[in-house]
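Participant: only geometry, no sequence info:
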């Protein structure tokens, strides 16, 4: 089999006997795959990848914030940067606050975090409406429940027909595939019609 790379560099040897190209037909096929999944419940792989991406984003935000706090404390105290250490309890408070803000704002304002946006996922209530501030914060607060009992609350996605974790069950939320922008006209109405 030969594979024709999209850059036109010529055929590449393969072992299945098919010609693979990246022309308009494949792009249309990818779009139709997205359209078929639009509004369906997100599975464990997509949700895990989005969680890993969110962890990376939060790591960068947390490290940057702790660095900034340390720099400000050094300037205020008039000592070299290396002579200042942030107490671990305060570091934990800062990181927990940043995490709560990141997830709460992401879910309440956009319906998704950065990691969820990368994979085309959106958090909504079971009735298709947006999550809102209180529910978004409470879902963040109960999220550790997903990882009790060796992650059973997270793996519960495999057993629930709506692919919900324990925090989803408690808060009445679901995670769906949705590649549309949140500012589309009539966004919530279409989600309700198509998803439920």
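Facilitator: Ah, there it is. All of these numbers come straight from a predicted model, not from anything done at the bench.

Participant: contacts, neighbours, all on C-alpha from now
Facilitator: Will do.

Participant: Report pLDDT for residue 80.
Facilitator: According to the prediction, residue 80 has pLDDT 89.

Participant: give me the number of residues near it?
Facilitator: By the criterion of other C-alpha atoms under 10 Å, residue 80 has 11 neighbours.

Participant: you'd agree it is up against residue 72?
Facilitator: No. Using C-alpha atoms under 8 Å, residue 80 makes no contact with residue 72, being 10.9 Å away.

Participant: Please state the mean pLDDT value computed over the lengthiest helix in the chain.
Facilitator: In terms of residue count, the longest helix belonging to the chain (DSSP state H) is helix 44-77. Averaged over helix 44-77, pLDDT sits at 95.

Participant: which strands and helices sit next to that helix?
Facilitator: Under the contact definition 3 or more C-alpha pairs under 8 Å, 6 or more residues apart in numbering; DSSP states H and E, helix 44-77 sits against helix 88-105, helix 114-118.

Participant: Just put those helices in JSON lines and tack on mean pLDDT and mean neighbour count.
Facilitator: What follows is these, written out as JSON lines (pLDDT from 0 to 100; neighbours: other C-alpha atoms under 10 Å):
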{"stretch": "helix 88-105", "mean pLDDT": "96", "mean neighbour count": "16"}
{"stretch": "helix 114-118", "mean pLDDT": "96", "mean neighbour count": "20"}
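
Participant: Between the ones you listed, which one is closest to residue 37.
Facilitator: helix 114-118 (14.9 Å; C-alpha to C-alpha).

Participant: Verify the stated contact: residue 172 with residue 126.
Facilitator: Yes. Using C-alpha under 8 Å, residue 172 is in contact with residue 126, at 5.8 Å.

Participant: Who has more neighbours out of those two?
Facilitator: Legend: neighbour count by other C-alpha under 10 Å for residue 172 and residue 126, higher for residue 126 (19 against 16).

Participant: Sweet, I'm off.
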